[in-house]
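Student: Structure of the sequence below:
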Amino acid sequence: MQSHKFTFQRNDVLYGKLRPYLDKAVLADSGGLCTTELLVLRAKPGVSPRFLACVAHAPDFIAHAMAGVTGAHHPRTSWSHIAAFQLPSYDLDAQQTIAALLWRVHDLIAACETSTGAAQALKQVSMRELFTRGLRGEPQKETDFGTIPESWRVTTFSEIREWLQYGTSIHCTLEPRRFPVLRIPNVEPGRVNACDLKYCDLSEEDAEKYMLESGDLLFIRTNGVLERLGSCAVYDGEPQKALFASYLIRARLKPGIDSRYVAYFYGSERGTSLVAGRATPAADGKYNLNTGTIDSLPLPLPPTLEEQREIVAILDAIDRKIDLHQLKRAVLDDLFKALLHKLMTGEIAVDALDLSALDRAPVPQGAPA
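Tutor: Numbering: from 1, shown residues only. Presented below is the predicted three-dimensional model:
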(Lines give C-alpha, C1' and ligand atoms only; values in the text may rest on other atoms or scores of the structure.)
Protein backbone atom coordinates (compact mmCIF):
# COMPACT_ATOMS: atom_id res chain seq x y z
CA MET A 1 0.00 0.00 0.00
CA GLN A 2 0.98 3.63 -0.50
CA SER A 3 0.23 6.79 1.47
CA HIS A 4 -1.28 9.95 -0.06
CA LYS A 5 -1.83 13.20 1.82
CA PHE A 6 -5.03 15.27 1.80
CA THR A 7 -6.47 14.03 -1.53
CA PHE A 8 -8.14 10.70 -2.11
CA GLN A 9 -9.80 8.90 -4.99
CA ARG A 10 -12.31 6.14 -5.41
CA ASN A 11 -11.19 2.85 -3.78
CA ASP A 12 -8.67 4.54 -1.49
CA VAL A 13 -8.86 3.51 2.16
CA LEU A 14 -9.38 6.42 4.57
CA TYR A 15 -7.83 5.47 7.89
CA GLY A 16 -8.35 7.45 11.11
CA LYS A 17 -4.98 7.78 12.84
CA LEU A 18 -6.42 9.32 16.04
CA ARG A 19 -7.17 6.67 18.67
CA PRO A 20 -6.69 3.69 16.35
CA TYR A 21 -8.33 1.36 18.89
CA LEU A 22 -11.64 2.84 17.67
CA ASP A 23 -11.17 0.86 14.43
CA LYS A 24 -11.92 3.62 11.89
CA ALA A 25 -11.37 2.83 8.22
CA VAL A 26 -13.60 3.14 5.16
CA LEU A 27 -13.27 2.44 1.45
CA ALA A 28 -13.93 5.65 -0.49
CA ASP A 29 -16.64 5.46 -3.16
CA SER A 30 -15.55 8.77 -4.76
CA GLY A 31 -12.66 11.24 -4.69
CA GLY A 32 -12.12 14.40 -2.64
CA LEU A 33 -10.11 16.17 0.05
CA CYS A 34 -9.72 15.01 3.64
CA THR A 35 -8.49 16.25 6.99
CA THR A 36 -4.93 15.64 8.15
CA GLU A 37 -6.41 13.36 10.83
CA LEU A 38 -6.93 10.75 8.09
CA LEU A 39 -4.31 8.69 6.36
CA VAL A 40 -5.09 7.91 2.71
CA LEU A 41 -4.02 4.36 1.87
CA ARG A 42 -3.90 3.39 -1.80
CA ALA A 43 -3.54 -0.19 -2.99
CA LYS A 44 -0.55 -0.94 -5.20
CA PRO A 45 -1.03 -2.77 -8.51
CA GLY A 46 -1.89 -6.39 -7.80
CA VAL A 47 -3.57 -5.54 -4.47
CA SER A 48 -7.35 -5.52 -4.11
CA PRO A 49 -8.63 -2.26 -2.53
CA ARG A 50 -11.38 -4.23 -0.80
CA PHE A 51 -8.75 -6.56 0.62
CA LEU A 52 -6.71 -3.57 1.81
CA ALA A 53 -9.81 -2.19 3.57
CA CYS A 54 -10.16 -5.53 5.35
CA VAL A 55 -6.52 -5.44 6.44
CA ALA A 56 -7.14 -2.05 8.09
CA HIS A 57 -9.82 -3.68 10.27
CA ALA A 58 -7.78 -6.72 11.31
CA PRO A 59 -7.23 -7.00 15.09
CA ASP A 60 -3.51 -7.55 14.50
CA PHE A 61 -3.30 -4.41 12.38
CA ILE A 62 -5.09 -2.36 15.06
CA ALA A 63 -2.76 -3.74 17.74
CA HIS A 64 0.22 -2.84 15.56
CA ALA A 65 -1.12 0.69 15.01
CA MET A 66 -1.67 1.10 18.76
CA ALA A 67 1.92 0.04 19.48
CA GLY A 68 3.15 3.08 17.57
CA VAL A 69 0.92 5.83 18.97
CA THR A 70 2.30 9.07 20.33
CA GLY A 71 0.56 11.59 22.59
CA ALA A 72 -0.95 10.70 25.96
CA HIS A 73 -4.23 12.63 25.69
CA HIS A 74 -4.78 12.31 21.92
CA PRO A 75 -2.94 9.15 20.84
CA ARG A 76 -2.17 9.02 17.11
CA THR A 77 -0.48 6.44 14.99
CA SER A 78 1.54 7.33 11.88
CA TRP A 79 2.06 6.22 8.32
CA SER A 80 5.69 5.33 9.00
CA HIS A 81 4.61 2.93 11.71
CA ILE A 82 1.67 1.20 10.03
CA ALA A 83 3.70 0.84 6.80
CA ALA A 84 5.84 -1.69 8.66
CA PHE A 85 2.87 -4.01 9.31
CA GLN A 86 3.49 -7.47 7.86
CA LEU A 87 0.86 -9.90 6.65
CA PRO A 88 0.82 -13.11 4.61
CA SER A 89 1.27 -12.66 0.88
CA TYR A 90 -1.86 -13.58 -1.09
CA ASP A 91 -2.23 -13.46 -4.85
CA LEU A 92 -4.97 -11.26 -6.30
CA ASP A 93 -7.49 -14.10 -6.64
CA ALA A 94 -7.06 -15.07 -2.99
CA GLN A 95 -7.32 -11.42 -1.92
CA GLN A 96 -10.58 -11.03 -3.79
CA THR A 97 -11.97 -14.24 -2.29
CA ILE A 98 -11.05 -13.13 1.24
CA ALA A 99 -12.54 -9.68 0.65
CA ALA A 100 -15.76 -11.17 -0.75
CA LEU A 101 -16.20 -13.40 2.31
CA LEU A 102 -15.54 -10.60 4.76
CA TRP A 103 -17.73 -8.17 2.86
CA ARG A 104 -20.54 -10.70 3.03
CA VAL A 105 -20.27 -10.87 6.82
CA HIS A 106 -20.20 -7.09 6.93
CA ASP A 107 -23.36 -6.92 4.83
CA LEU A 108 -25.09 -9.18 7.35
CA ILE A 109 -23.91 -6.84 10.12
CA ALA A 110 -25.35 -3.90 8.17
CA ALA A 111 -28.67 -5.75 7.87
CA CYS A 112 -28.72 -6.27 11.65
CA GLU A 113 -28.05 -2.56 12.18
CA THR A 114 -30.92 -1.67 9.85
CA SER A 115 -33.27 -4.07 11.62
CA THR A 116 -32.22 -2.77 15.04
CA GLY A 117 -32.80 0.82 13.96
CA ALA A 118 -36.24 -0.04 12.58
CA ALA A 119 -37.22 -1.83 15.81
CA GLN A 120 -35.99 1.07 17.93
CA ALA A 121 -37.98 3.52 15.79
CA LEU A 122 -41.05 1.28 16.17
CA LYS A 123 -40.58 1.33 19.94
CA GLN A 124 -40.49 5.14 20.03
CA VAL A 125 -43.63 5.41 17.88
CA SER A 126 -45.36 2.75 19.97
CA MET A 127 -44.57 4.53 23.24
CA ARG A 128 -45.84 7.80 21.81
CA GLU A 129 -49.13 6.18 20.78
CA LEU A 130 -49.59 4.05 23.88
CA PHE A 131 -49.01 6.88 26.35
CA THR A 132 -51.19 9.24 24.31
CA ARG A 133 -54.08 7.04 23.14
CA GLY A 134 -53.94 3.98 25.39
CA LEU A 135 -55.35 0.63 24.28
CA ARG A 136 -59.13 1.00 24.57
CA GLY A 137 -59.87 3.41 21.72
CA GLU A 138 -61.50 5.84 24.11
CA PRO A 139 -61.83 9.64 23.73
CA GLN A 140 -58.89 11.77 24.85
CA LYS A 141 -58.54 14.69 27.20
CA GLU A 142 -55.99 17.48 27.48
CA THR A 143 -53.48 17.72 30.33
CA ASP A 144 -50.65 20.12 31.11
CA PHE A 145 -48.23 17.91 29.15
CA GLY A 146 -50.45 16.65 26.32
CA THR A 147 -53.38 14.37 25.62
CA ILE A 148 -54.18 11.11 27.43
CA PRO A 149 -57.15 8.70 27.34
CA GLU A 150 -60.24 10.03 29.11
CA SER A 151 -60.28 7.32 31.79
CA TRP A 152 -56.64 7.88 32.76
CA ARG A 153 -55.59 10.19 35.55
CA VAL A 154 -52.51 12.34 35.98
CA THR A 155 -50.77 11.70 39.24
CA THR A 156 -47.35 12.59 40.62
CA PHE A 157 -44.57 10.20 41.40
CA SER A 158 -44.90 10.97 45.11
CA GLU A 159 -48.40 9.42 45.07
CA ILE A 160 -47.30 6.07 43.65
CA ARG A 161 -44.12 5.42 45.62
CA GLU A 162 -43.65 4.16 49.13
CA TRP A 163 -40.21 5.72 49.57
CA LEU A 164 -37.11 7.08 47.84
CA GLN A 165 -33.52 6.53 48.90
CA TYR A 166 -30.00 7.56 47.89
CA GLY A 167 -27.42 4.78 47.44
CA THR A 168 -24.28 3.87 49.30
CA SER A 169 -20.98 5.73 48.96
CA ILE A 170 -18.88 2.77 50.12
CA HIS A 171 -15.67 2.22 48.16
CA CYS A 172 -16.14 -0.39 45.42
CA THR A 173 -13.69 -2.55 43.52
CA LEU A 174 -13.67 -4.72 40.40
CA GLU A 175 -12.47 -7.60 42.54
CA PRO A 176 -15.47 -9.78 43.50
CA ARG A 177 -16.51 -9.32 47.13
CA ARG A 178 -19.62 -9.95 49.20
CA PHE A 179 -22.06 -7.67 47.40
CA PRO A 180 -22.36 -6.43 43.79
CA VAL A 181 -23.06 -2.68 43.57
CA LEU A 182 -25.06 -1.24 40.66
CA ARG A 183 -23.78 2.07 39.30
CA ILE A 184 -24.71 4.52 36.50
CA PRO A 185 -23.28 2.25 33.72
CA ASN A 186 -25.57 -0.54 34.92
CA VAL A 187 -28.74 1.53 34.42
CA GLU A 188 -30.23 1.16 30.94
CA PRO A 189 -33.70 2.35 29.89
CA GLY A 190 -36.10 0.00 31.65
CA ARG A 191 -33.61 -2.57 32.90
CA VAL A 192 -30.39 -3.35 34.69
CA ASN A 193 -27.28 -4.27 32.70
CA ALA A 194 -25.29 -6.62 34.93
CA CYS A 195 -22.03 -6.23 32.97
CA ASP A 196 -19.02 -4.36 34.36
CA LEU A 197 -20.06 -4.82 37.98
CA LYS A 198 -18.21 -3.52 41.00
CA TYR A 199 -18.32 -4.97 44.48
CA CYS A 200 -18.03 -4.01 48.12
CA ASP A 201 -17.78 -5.49 51.59
CA LEU A 202 -20.39 -4.47 54.15
CA SER A 203 -21.89 -6.08 57.19
CA GLU A 204 -25.24 -7.78 56.62
CA GLU A 205 -26.91 -5.10 58.74
CA ASP A 206 -25.46 -2.20 56.72
CA ALA A 207 -25.97 -3.96 53.39
CA GLU A 208 -29.64 -4.54 54.17
CA LYS A 209 -30.24 -0.77 53.98
CA TYR A 210 -29.23 -0.71 50.30
CA MET A 211 -30.22 -4.20 49.15
CA LEU A 212 -32.53 -4.11 46.15
CA GLU A 213 -35.76 -6.05 45.77
CA SER A 214 -37.36 -7.14 42.51
CA GLY A 215 -39.48 -4.32 41.12
CA ASP A 216 -37.39 -1.51 42.60
CA LEU A 217 -36.78 1.42 40.27
CA LEU A 218 -33.30 2.95 39.94
CA PHE A 219 -33.04 6.57 38.77
CA ILE A 220 -29.80 8.18 37.63
CA ARG A 221 -29.53 11.35 39.70
CA THR A 222 -26.54 13.05 38.02
CA ASN A 223 -25.20 12.92 34.46
CA GLY A 224 -23.60 15.08 31.79
CA VAL A 225 -26.18 13.88 29.25
CA LEU A 226 -29.55 15.36 30.10
CA GLU A 227 -31.54 12.58 28.43
CA ARG A 228 -29.86 9.95 30.62
CA LEU A 229 -31.65 11.35 33.67
CA GLY A 230 -34.89 10.08 32.19
CA SER A 231 -33.56 6.54 32.16
CA CYS A 232 -34.65 4.40 35.06
CA ALA A 233 -34.06 0.69 35.38
CA VAL A 234 -36.25 -1.97 36.96
CA TYR A 235 -34.29 -4.38 39.14
CA ASP A 236 -35.48 -7.94 38.42
CA GLY A 237 -33.43 -9.83 41.00
CA GLU A 238 -30.21 -10.10 39.00
CA PRO A 239 -27.48 -9.85 40.06
CA GLN A 240 -28.56 -11.35 43.35
CA LYS A 241 -28.14 -9.42 46.62
CA ALA A 242 -27.27 -6.27 44.68
CA LEU A 243 -26.78 -2.88 46.35
CA PHE A 244 -26.88 0.49 44.58
CA ALA A 245 -24.38 3.36 44.54
CA SER A 246 -24.78 6.96 45.64
CA TYR A 247 -25.30 8.43 42.16
CA LEU A 248 -28.53 6.45 41.95
CA ILE A 249 -31.88 6.86 43.70
CA ARG A 250 -33.99 3.81 44.53
CA ALA A 251 -37.81 4.02 44.43
CA ARG A 252 -40.06 1.40 45.98
CA LEU A 253 -43.55 1.63 44.46
CA LYS A 254 -46.93 1.08 46.07
CA PRO A 255 -49.05 -2.03 45.28
CA GLY A 256 -51.12 -1.72 42.10
CA ILE A 257 -48.37 0.05 40.14
CA ASP A 258 -46.29 -1.85 37.58
CA SER A 259 -42.73 -0.54 37.85
CA ARG A 260 -42.01 -1.52 34.24
CA TYR A 261 -44.87 0.70 33.07
CA VAL A 262 -43.36 3.63 35.01
CA ALA A 263 -39.89 2.95 33.60
CA TYR A 264 -41.21 2.77 30.04
CA PHE A 265 -43.06 6.07 30.45
CA TYR A 266 -40.05 7.98 31.79
CA GLY A 267 -37.96 6.45 29.01
CA SER A 268 -40.37 7.73 26.34
CA GLU A 269 -39.96 11.04 24.53
CA ARG A 270 -42.66 12.63 26.64
CA GLY A 271 -41.31 11.23 29.90
CA THR A 272 -37.71 12.18 29.12
CA SER A 273 -38.86 15.72 28.32
CA LEU A 274 -40.65 15.98 31.66
CA VAL A 275 -37.54 14.85 33.54
CA ALA A 276 -35.22 17.12 31.55
CA GLY A 277 -37.45 20.12 32.25
CA ARG A 278 -37.03 19.62 36.00
CA ALA A 279 -33.31 18.77 36.13
CA THR A 280 -30.95 21.23 37.81
CA PRO A 281 -27.77 22.25 35.93
CA ALA A 282 -24.58 22.14 38.00
CA ALA A 283 -21.36 24.17 37.77
CA ASP A 284 -19.43 21.16 36.42
CA GLY A 285 -21.70 20.94 33.36
CA LYS A 286 -23.75 18.02 34.65
CA TYR A 287 -27.46 17.88 35.44
CA ASN A 288 -28.93 16.70 38.72
CA LEU A 289 -32.11 15.19 40.10
CA ASN A 290 -33.03 14.89 43.76
CA THR A 291 -35.82 13.09 45.58
CA GLY A 292 -37.99 16.21 45.57
CA THR A 293 -37.64 16.57 41.82
CA ILE A 294 -38.51 12.92 41.24
CA ASP A 295 -41.52 13.20 43.55
CA SER A 296 -42.85 16.13 41.50
CA LEU A 297 -42.73 14.27 38.17
CA PRO A 298 -46.17 13.86 36.52
CA LEU A 299 -47.28 10.38 35.51
CA PRO A 300 -50.27 9.47 33.30
CA LEU A 301 -51.80 6.35 34.81
CA PRO A 302 -54.35 3.89 33.37
CA PRO A 303 -57.22 3.06 35.73
CA THR A 304 -56.28 -0.62 36.09
CA LEU A 305 -53.11 -2.62 36.67
CA GLU A 306 -54.23 -4.87 33.81
CA GLU A 307 -53.96 -2.05 31.26
CA GLN A 308 -50.55 -1.06 32.60
CA ARG A 309 -49.37 -4.63 32.09
CA GLU A 310 -50.86 -4.85 28.59
CA ILE A 311 -48.84 -1.77 27.60
CA VAL A 312 -45.74 -3.29 29.17
CA ALA A 313 -46.29 -6.56 27.25
CA ILE A 314 -46.37 -4.72 23.90
CA LEU A 315 -43.16 -2.80 24.64
CA ASP A 316 -41.47 -5.90 26.07
CA ALA A 317 -42.14 -7.72 22.78
CA ILE A 318 -40.46 -4.94 20.82
CA ASP A 319 -37.52 -4.94 23.23
CA ARG A 320 -37.08 -8.67 22.66
CA LYS A 321 -36.85 -8.01 18.91
CA ILE A 322 -34.23 -5.33 19.54
CA ASP A 323 -32.29 -7.71 21.80
CA LEU A 324 -32.36 -10.43 19.14
CA HIS A 325 -31.02 -8.11 16.44
CA GLN A 326 -28.29 -6.87 18.77
CA LEU A 327 -27.34 -10.43 19.71
CA LYS A 328 -27.05 -11.36 16.02
CA ARG A 329 -24.92 -8.26 15.50
CA ALA A 330 -22.59 -9.26 18.35
CA VAL A 331 -22.19 -12.80 16.96
CA LEU A 332 -21.43 -11.47 13.48
CA ASP A 333 -18.94 -8.95 14.90
CA ASP A 334 -17.10 -11.82 16.58
CA LEU A 335 -17.17 -13.83 13.37
CA PHE A 336 -15.85 -10.87 11.37
CA LYS A 337 -12.94 -10.32 13.78
CA ALA A 338 -12.11 -14.03 14.00
CA LEU A 339 -12.04 -14.42 10.23
CA LEU A 340 -9.89 -11.32 9.89
CA HIS A 341 -7.37 -12.58 12.42
CA LYS A 342 -7.14 -16.09 11.03
CA LEU A 343 -6.98 -15.04 7.39
CA MET A 344 -4.52 -12.21 7.90
CA THR A 345 -2.18 -14.39 9.93
CA GLY A 346 -2.47 -17.32 7.53
CA GLU A 347 -3.86 -19.51 10.33
CA ILE A 348 -6.55 -20.82 7.98
CA ALA A 349 -6.58 -21.08 4.21
CA VAL A 350 -9.25 -19.50 2.07
CA ASP A 351 -10.31 -22.82 0.56
CA ALA A 352 -10.83 -24.26 4.05
CA LEU A 353 -13.78 -21.97 4.72
CA ASP A 354 -17.39 -23.01 4.21
CA LEU A 355 -19.57 -19.92 4.41
CA SER A 356 -22.26 -21.11 2.02
CA ALA A 357 -24.92 -20.36 4.63
CA LEU A 358 -24.08 -16.67 4.37
CA ASP A 359 -24.98 -16.66 0.70
CA ARG A 360 -28.58 -17.60 1.48
CA ALA A 361 -29.21 -14.44 3.52
CA PRO A 362 -30.39 -11.44 1.46
CA VAL A 363 -28.67 -8.29 2.72
CA PRO A 364 -28.10 -4.70 1.54
CA GLN A 365 -24.89 -3.70 -0.12
CA GLY A 366 -22.22 -2.13 2.05
CA ALA A 367 -18.56 -1.83 2.97
CA PRO A 368 -16.58 -2.12 6.17
CA ALA A 369 -16.93 1.11 8.14
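
Student: For the rest of this, base every contact and every neighbour count on C-alpha atoms.
Tutor: OK.

Student: Surely Leu108 is in a strand?
Tutor: No. Secondary structure of Leu108, determined by DSSP: H, G, I helix; E, B strand; the rest coil: helix, with no strand assignment.

Student: which residues does Gly256 contact?
Tutor: Contact analysis of Gly256 by Cα atoms under 8 Å, 6 or more residues apart in numbering lists Leu305.

Student: Repeat that for the one 4 residues further on.
Tutor: Applying Cα under 8 Å, 6+ apart, one finds that Arg260 lies in contact with Gly190, Gly215, Val234, Val312.

Student: Could you work out the most separated pair of those residues?
Tutor: Longest distance between any two of the contacts of Arg260 is 13.5 Å, between Gly215 and Val312; criterion Cα to Cα.

Student: out of those two, which sits in the busier spot?
Tutor: Taking neighbours as other Cα atoms under 10 Å, Gly215 and Val312 compare with Val312 leading, 21 against 18.

Student: Quick check, that one in contact with Tyr261.
Tutor: Yes. Contact status for Val312 versus Tyr261: in contact at 5.7 Å, counting by Cα atoms under 8 Å.

Student: so what's the backbone phi/psi at the nearest residue to Gln240 once chain neighbours are set aside?
Tutor: In this structure, Gln240 finds its nearest non-sequential neighbour in Pro180, 7.9 Å apart by Cα to Cα, 6 or more residues apart in numbering. According to degrees, to the nearest 10, the main-chain angles of Pro180 amount to phi -70, psi 150.

Student: Can you give me every residue that contacts Pro180?
Tutor: Neighbours of Pro180 in contact, by Cα under 8 Å, 6+ apart: Leu197, Lys198, Tyr199, Cys200, Pro239, Gln240, Lys241, Ala242, Leu243.

Student: who's in contact with the residue nearest to Asn290 when sequence neighbours are not counted?
Tutor: In space, Asn290 comes closest to Arg221 once its chain neighbours are excluded; the distance is 6.4 Å by Cα to Cα, 6+ apart. By Cα under 8 Å, 6+ apart, the residues touching Arg221 are Leu229, Tyr247, Leu248, Ile249, Asn288, Leu289, Asn290.

Student: Kindly indicate which of these lies nearest Thr304.
Tutor: Minimum separation from Thr304 among the contacts of Arg221 (Cα to Cα) is found for Ile249, which lies at 26.6 Å.

Student: Pretty sure that closest one sits against Leu212.
Tutor: No. Applying Cα under 8 Å, one finds Ile249 not in contact with Leu212, separated by 11.3 Å.

Student: okay, now the domains of this protein?
Tutor: Under the assignment automatic domain parsing, the domains of the chain span 2-103+339-360, 153-301.

Student: Please name whichever of those is nearest to Ile322.
Tutor: Each of the domains of the chain was checked against Ile322 via Cα to Cα, and the shortest separation belongs to domain 153-301, namely 12.9 Å.
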